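Colleague: how would this look folded up:
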Amino acid sequence: MEPFKSQDGRYGFLFPTGWTRVAVDNGPEVVYHDLINSDETLSLVISKLENDVDLDDLGGADAVGERLFGEKNSNNPIQLIDASEREVNERKFYDLEYSVDLEENSRHEIATVVVDRGYLYTLAASTSEQRWSKMQDTFKRVVSSFTFFI
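Modeller: Numbers count the residues shown, from 1 in each chain. Now for the predicted structure:
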């Protein structure tokens, strides 16, 4: 694993060795992908919240997972598989696992969400369903490595 640290030194996380950063216009703040399996990605989205809230104010892990990825129904290709809560350095994180069932390519994703100073941070790692069993431990390590330094 390699460390990533934001330019302002505020946050960081680990990413798999050999992955490369990709510039994306009007998209996530940070994107990495595997050079060999280019459909394996890691992305960080930072969203401004309208009110000064903490993660508890947004609901529990299940409620936030369903709000971010849609309600469970037969028309939604995104299904929340698992949602859990953890605390690191007095910050609450929600870890979310979900599948995206597309006709051409089913995907498996894991994400962590945290609120800090009026922003919602969502770090997500994604791969094809076929490679999930091989990548799941790596991806869990990546999303659980997200931290704030200041």
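
Colleague: got a list of what the residue positioned nearest the centre of the chain touches?
Modeller: Compute the mean C-alpha point of the chain, and by C-alpha atoms, centre = their mean the closest residue is A124, 2.1 Å away. Taking C-beta atoms under 8 Å, 6 or more residues apart in numbering, we find A124 in contact with L42, S43, L44, V45, E109, I110, A111, V143. The C-beta positions use only the backbone N, C-alpha and C, and glycine is treated the same way.

Colleague: quick one: pLDDT of the closest residue to the first one other than its chain neighbours?
Modeller: So that's L42. Once flanking residues are discounted, L42 sits nearest to Y32: 4.4 Å by C-beta to C-beta, 6 or more residues apart in numbering. Looking at Y32, its pLDDT reads 97.

Colleague: Y32 contacts L44, doesn't it?
Modeller: No - Y32 is beyond contact range of L44, at 9.1 Å (criterion: C-beta atoms under 8 Å).

Colleague: Which of the helices and strands in this protein ranks last by mean pLDDT?
Modeller: helix 61-69 (a mean of 85; mean pLDDT, DSSP states H and E).

Colleague: Give me the buried positions along that one.
Modeller: Using 16 or more other C-beta atoms under 10 Å as the test for burial, helix 61-69 gives A61, V64, G65, E66, L68, F69.

Colleague: and the gap between the fifth one and E109?
Modeller: L68 sits at a distance of 11 Å from E109 (criterion: C-beta to C-beta, to the nearest Å).

Colleague: Please apply the same query to the first one.
Modeller: In this structure, A61 and E109 are 15 Å apart, going by C-beta to C-beta.

Colleague: just the last one next, same as before
Modeller: Here the criterion is C-beta to C-beta. By it, F69 lies 9 Å from E109.

Colleague: Quick check: bridge partners of S126?
Modeller: Beta bridges link S126 to T41, E109 when assigned by DSSP bridges.

Colleague: pretty sure it contacts N105?
Modeller: No - S126 lies out of contact with N105 (C-beta under 8 Å); the separation is 10.8 Å.

Colleague: Mutual contacts of those two, please.
Modeller: By C-beta under 8 Å, 6+ apart, the residues touching both S126 and N105 are D39.
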